[in-house]
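Asker: build me a structure from this.
(3 chains)
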Amino acid sequence: MNWTSFLEFTRGPLFYAALLIFIAGMVYRLVRVIALGWARDRVKSRGSKLGGAVRSLLKGFLIWPFIPWVKNTFSRSPLIYVAGGLFHLGLFVVIFLGAAHMLVWKSLLGFGWPTLPLPIVDWLAVVAIAAMIVLFINRLVHPVLKLISGPAEWLNLVFVFLPMISGYILTHHLFFRYETAYSLHMLAVDWLLIWIPLSRISHFMFYFFAKAIHGAQFGKRAVAP
Amino acid sequence: MAEETIYQRLQAAGISRRDFLKGCGGLAALMGLQQAPPVAASGLPAHLARGGDPAPLIARALATKARVPVIWLELQDCAGCSEALTRSHSPTLVDLVLREITVEYHETLSAAAGFQVEAAKQAAMKQYAGKYLLVVEGSIPTDGIYCTIGGHSALEILQEAAAGAAAIVATGNCSAFGGLPKARPNPTGAKGVLDFIEDKPVINIPGCPAIPEAFTGTLAHFLIFGGLPELDELHRPKTFYGHTVHDRCLRRPFYEAGKFANTFDDEGARQGWCLYKLGCKGPTTYNACAGIKWDAGLSFPIQSGHPCLGCSQPNFWDGGGFYQGQSAPLDRPGIGVAAAAAGIGLVAGAGIAMANRAQKRASDDGK
Amino acid sequence: MTTQAPTNGSGRSPTVPALQTFVKETGGWVASQLEACTRCGICAEACHFYQATGNPEYAPVWKIELLRRAYEQRFTIGGRLRLAAGLAKPISDADLAHWSTLVYEACTMCNKCAIACPMGIQIGPLIHEVRSAMSEAGVVPPELMAAVNKQMAEGSPLGMTDSVWDSRLEWVADEWEEEIPRDVQGADTLVVFSSIEVMKFPGNVAAIAKIMNAAGEKWTVSSEAREIVNFGFYEGNEHRTVEILKRVFDGAVALGVKRIVVTECGHAYDALRWTAANLMDVPVGIEVTHIAGVLGDFVRQGRIKLKAGAFDNDGVITFHDACKIQRRGGHINEPREILKILAPNAFKEMSPNREQAICCCGGGVIAIKEADPQRYAVFQMKVDQARKVGAQTVTMTCSNCRLQFTDGVAHFGLDLKVTGLAQMVADALVE
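Answerer: You can find the predicted model right below:
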């Protein structure tokens, strides 16, 4: 087994299997929650639940720290807020607007979209990696985070970090031959795909539930969520 | 009678000492030698073997060594590698090298044919046992009785010829890694030389075809130093396969700047922008195309507007579509398979949800 | 921190009913919220208890830890395996006792954490689920339990029995010379006071009566539905919550009113307006609203006239947003509209305000002595916010908050006037 055939394995059958596990796992997670039964809310609304939910979801994407409704949260937890925000921003840009990743989506979905120049993607990747390190250290020292972090939280950080750092090494041809770095990146990605349904990284799916419920609950009371 | 040295033959051919030394310098440059490697096996005096200008070292080697006999096997091939070699871009250099070897057997080039040429091969193998260089072009079938020559299977021919070889050069992707014949579904069970030969030094010069200068340069190295050049883990000479095509590509700045051709006839393509999105395999392909180029340094595929196919890499035929992004996965679940996976998730999720609901009911009753 | 939890007296481990309740309460919405949590810890910084004390255990996410454990260990395969392999902590009796102090003595269900949560998780309602389990397990702080039992037995946690209620209302009507219609069949509006108002802020009762009369509202109070406070809801006990709600609804149905006006009690409003319909069959055609909303409507509809600038000369006035009336009740704008009439220049907003405001820490915690240190620490922050805008008066629409402010001002010896919005409105009425 040389790196080239290992790369073919990680890009081919392993990715294939990981993707299927990811799909099955995420559907499993989703159905497990949805089919648990939802009590109908019989309380009469003061405001619009739907409006609140839409508003809440839209507001979720507006993370500029100086918007009035964000300011309060931001000023109390600037580090988590900024590092977490930049991490997600970087991750989003790298995964969806990086040329290499867009081609993955294109091959899976059958259509592509314009991408950003490499230096921009590259810098955001650096920012995301740096943010992750900051979040990691913060989790190590913050008394609350120390208290609420179990092994899964640490593993999540590590398993998300690995594809990011290996991807950076890959694009910059650092330390390893290209196919070695590529194999390691794919291995990390494949594992992450399998790990996501097993972990809290799947929060991106439940985000929409929680945010919509939040919006509905506040919208129902005619409070801006 | 002592065998004629290479230099003696060149002199007889009317090449001056000055031209000879110039040729040696060119050869050194081709092989990427900046300093003579300390190769004890070269049999050179210490002051030459230790370093310094490699040209005199090569000159001395060529002046003292006899020609190398070559037996050239063509198995499941297209003779493309042989043909590429004949069109090598620096004739003096190739002449130099081709004159320095004696091709004892080559199906395409031989004037003789049939039993006659097979007999000549047997004689050469006997005469130069342990000394000759075996060049293999084309893959070796393992399934059924494809590719037999003179009643012998390709594998038998290879094993027979390999037994007495000093070293084996597998030229082209087919002999190195199986090449086109190995592409799925691989009806002949084609394999590369390294899948069969373990007890002899094997050098792979993959490509489709192999870059002629990579072949001649490697041969020159063998000739001059009497040993194998430094190889990577795929047995390719690092001199020619040490960098990716992407590393030295003339369109690389466009990659860095994020300027891509999206189709073969868009503005980006006309501007000569990066072909990455059109499926270029340059980033994962180790070869000297972008440096040495083809046809007397005229061009190479990417320069001509076509993405790299990755022809010097193993299994390049199956390594994703030629026009599919290089980062795209090799296998993609179809909608049916994905739906099946989702279905499994659905059933399992519904299952546990029902179990949990039963648990909830039990808790409710329990009070 | 380690208070001895009372046992439920049956000798059975409290963990059994607690777990049963966790399992029973975990429907789709609870599960989806728990699944969405990324353990980022931002909610800690939103919690006034954490802000004031820095105790990491006061992080809202940590308060729902038991609910999460129960969900993982009972509803997920991975959690079950981890539990079986000894890799996960099961819920123990000691855990229940410990978390009982966290969810009762360090949480006012103000739901500020939900506003801060980047995922929008409703941590407040989730803590309510934890309280439910505590209640079923009988692991409730004794002082609170005593108050709950008192309300169940006497109708009011503050000892407002029939005779006390009678005499108090009579006295209020005499003292303020306001007519308080009692048990009027066919009235439009039933006003249900909280015992805190009746017993401690009778001025507020008189003020509301004055406003109702001035607006020409056909209103009444009910001797059956005389207590709006719902300690069953505060405790998190569904049966007791429903029983107390029933008393109010039954009173309303008996008088044939069209709407119930909840006066100044946060838990009561949450229970009656936002929870009742999901716990029981509420009578059809009876609207539930809060006095803050009613005041706003009266002013908007011109049913009462206020003297503009009536409070502009008494120094800076600020408004305290009560967590359950404003953030969780929705009456954020009405008090501000009124204050802009009453004190257009003197009214100044604290920061943060509106749905972002921090809770004063009345919110029921005031009923538990053990919570005093953190209660005063939180109150200190609220006072600092009021001071920052130079407030000399702080007004609000919740008598529980007002109790907290009055108590806090006395405790710290502050020079801060505490009043209720209804009283300000009553004083500024133009006849």
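Asker: what's around the residue of the stretch 151-300 of chain B found nearest chain A, how many residues?
Answerer: Residue nearest to chain A within the stretch 151-300 of chain B (Cβ to the nearest Cβ): B:Gly258, separated by 2.8 Å. Just so you know, the C-beta spots here come from the backbone N, C-alpha and C atoms, and that holds for glycine as well. Using other Cβ atoms under 10 Å in any protein chain shown, B:Gly258 has 21 neighbouring residues.
Asker: need the pLDDT of C:Met212.
Answerer: At C:Met212, the model reports a pLDDT of 91.
Asker: nearest spatial neighbour of residue 107, skipping sequence neighbours?
Answerer: You didn't pick a chain, so chain A it is. B:Ala328 (3.6 Å; Cβ to Cβ, 6 or more residues apart in numbering or on different chains).
Asker: ah, I was thinking of chain C
Answerer: Using Cβ to Cβ, 6+ apart, the nearest residue to C:Cys107 is C:Ile127, at 5.4 Å.
Asker: same question for C:Glu65.
Answerer: Leaving aside its sequence neighbours, C:Glu65 sits nearest to C:Trp99 (Cβ to Cβ, 6+ apart; 7.1 Å).
Asker: so which strand or helix has that neighbour?
Answerer: helix C:93-105 (DSSP states H and E).
Asker: pLDDT on that helix, on average?
Answerer: In the prediction, helix C:93-105 has an average pLDDT of 89.
Asker: so which residues of chain A form helices?
Answerer: Using DSSP state H, the helices found in chain A span residues A:3-11, A:13-34, A:49-61, A:68-76, A:78-92, A:99-109, A:118-141, A:143-148, A:151-172, A:178-195, A:203-220.
Asker: before we move on, what about the stretch 51-200 of chain C?
Answerer: C:60-63, C:65-75, C:77-84, C:93-105, C:112-116, C:123-137, C:142-154, C:162-176, C:195-200 (DSSP state H, counting those that start in this stretch).
Asker: distance check, B:Ala161 against C:Pro335.
Answerer: From B:Ala161 across to C:Pro335, the span is 98 Å (Cβ to Cβ, to the nearest Å).
Asker: typo on my end, C:Ala268
Answerer: Distance from C:Ala268 to C:Pro335, by Cβ to Cβ: 18 Å.
Asker: and what of A:Phe96?
Answerer: In terms of Cβ to Cβ, A:Phe96 sits 45 Å off from C:Pro335.
Asker: show me where pLDDT drops low in the stretch 301-431 of chain C?
Answerer: In the predicted model of the stretch 301-431 of chain C, no residue satisfies pLDDT under 70.
Asker: what about the strands in it?
Answerer: C:316-319, C:347-348, C:391-396, C:417-420 (DSSP state E, counting those that start in this stretch).
Asker: what's the first one packed up against?
Answerer: Counting contacts by 3 or more Cβ pairs under 8 Å, 6 or more residues apart in numbering or on different chains; DSSP states H and E, strand C:316-319 packs against helix C:333-342, strand C:347-348, strand C:391-396.
Asker: who are the neighbours in contact with A:Ala128?
Answerer: By Cβ atoms under 8 Å, 6 or more residues apart in numbering or on different chains, the residues touching A:Ala128 are A:Leu86, A:Phe87, A:Leu89, A:Gly90, A:Leu91, A:Val94, A:Met164.
Asker: so who does the second one touch?
Answerer: Translated: A:Phe87. Neighbouring residues of A:Phe87 by Cβ under 8 Å, 6+ apart: A:Ala128, A:Ala131, A:Met132, A:Leu135.
Asker: now with 6 Å?
Answerer: Counting by Cβ atoms under 6 Å, 6 or more residues apart in numbering or on different chains, A:Phe87 touches A:Ala128, A:Ala131, A:Met132.
Asker: over to the fourth one?
Answerer: The contact partners of A:Gly90, by Cβ under 6 Å, 6+ apart, come to A:Leu124, A:Val127, A:Ala128.
Asker: again, only this time at 8 Å
Answerer: A:Gly90 makes contact with A:Leu124, A:Ala125, A:Val126, A:Val127, A:Ala128, A:Ile129, A:Ala131 under the criterion Cβ under 8 Å, 6+ apart.
Asker: returning to that earlier point: of B:Ala161 and C:Pro335, who's got more company?
Answerer: In this view B:Ala161 and C:Pro335 are compared by other Cβ under 10 Å, and C:Pro335 has more residues nearby, 26 against 21.
Asker: so the more buried one sits against C:Gly296, correct?
Answerer: Yes: between C:Pro335 and C:Gly296 there is a contact under Cβ atoms under 8 Å: 7.4 Å.
Asker: can you list residues touching both of the two?
Answerer: With Cβ under 8 Å, 6+ apart, C:Pro335 and C:Gly296 have no common neighbours.
Asker: the nearest residue to the residue of the stretch 151-300 of chain B closest to chain A once chain neighbours are set aside: how many residues sit nearby?
Answerer: Spatial nearest neighbour of B:Gly258, chain neighbours left out: A:Pro117 (2.8 Å); criterion: Cβ to Cβ, 6+ apart. Neighbourhood size, A:Pro117 [other Cβ under 10 Å]: 16.
Asker: and C:Ile127, by the same measure?
Answerer: Per other Cβ under 10 Å, the neighbour tally for C:Ile127 reads 25.
Asker: contacts only, for it.
Answerer: Counting by Cβ under 8 Å, 6+ apart, C:Ile127 has contacts C:Pro60, C:Lys63, C:Ile64, C:Val103, C:Cys107, C:Met109.
Asker: ok, the fourth one - contacts?
Answerer: This points to C:Val103. Applying Cβ under 8 Å, 6+ apart, the residues near C:Val103 are C:Lys63, C:Ile127, C:Val130, C:Arg131, C:Met134.
Asker: could you dump these to TSV with distance to C:Val205 and pLDDT?
Answerer: Output for the contacts of C:Val103, formatted as TSV (distance: Cβ to Cβ, whole Å; pLDDT from 0 to 100):
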residue	distance to C:Val205	pLDDT
C:Lys63	35	92
C:Ile127	31	92
C:Val130	34	92
C:Arg131	30	91
C:Met134	33	90
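Asker: mind putting those residues into TSV with distance to C:Ile317?
Answerer: TSV is the format used below for the contacts of C:Val103 (distance: Cβ to Cβ, whole Å):
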residue	distance to C:Ile317
C:Lys63	34
C:Ile127	33
C:Val130	38
C:Arg131	35
C:Met134	39
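Asker: looking at these, which is nearest C:Cys401?
Answerer: Ranked by distance to C:Cys401 (Cβ to Cβ), the contacts of C:Val103 are led by C:Ile127 at 19.2 Å.
Asker: can you tell me the closest non-neighbouring residue to the residue of the stretch 51-200 of chain C found nearest chain B?
Answerer: Per Cβ to the nearest Cβ, C:Phe75 is where the stretch 51-200 of chain C lies closest to chain B, at 4.8 Å. Once flanking residues are discounted, C:Phe75 sits nearest to B:Asn356: 4.8 Å by Cβ to Cβ, 6+ apart.
Asker: residue at max distance from the center of chain C?
Answerer: C:Ala85 (42.1 Å; Cα atoms, centre = their mean).
Asker: among the contacts of A:Ala128, who's most crowded?
Answerer: Counting neighbours by other Cβ under 10 Å, A:Val94 leads these with 24 neighbours.
Asker: close to chain A: what parts of the stretch 101-250 of chain C are there?
Answerer: By Cβ under 8 Å from any Cβ of the partner chain, the part of the stretch 101-250 of chain C that sits against chain A consists of C:Ala114, C:Ile115, C:Ala116, C:Cys117, C:Pro118, C:Met119, C:Gly120, C:Ile121, C:Gln122, C:Pro125.
Asker: which non-adjacent residue is nearest the third one?
Answerer: Among residues not flanking C:Ala116 along the chain, C:Ala46 sits closest, at 3.4 Å (Cβ to Cβ, 6+ apart).
Asker: burial of the one you found, as a residue count?
Answerer: C:Ala46 has 25 neighbours, counted by other Cβ under 10 Å.
Asker: what pLDDT is listed against it?
Answerer: The model's pLDDT for C:Ala46 equals 87.
Asker: next: B:Ile211.
Answerer: 87.
Asker: just checking, it touches B:Ala290?
Answerer: No: applying Cβ under 8 Å as the test, B:Ile211 and B:Ala290 come out as separate, 10.8 Å apart.
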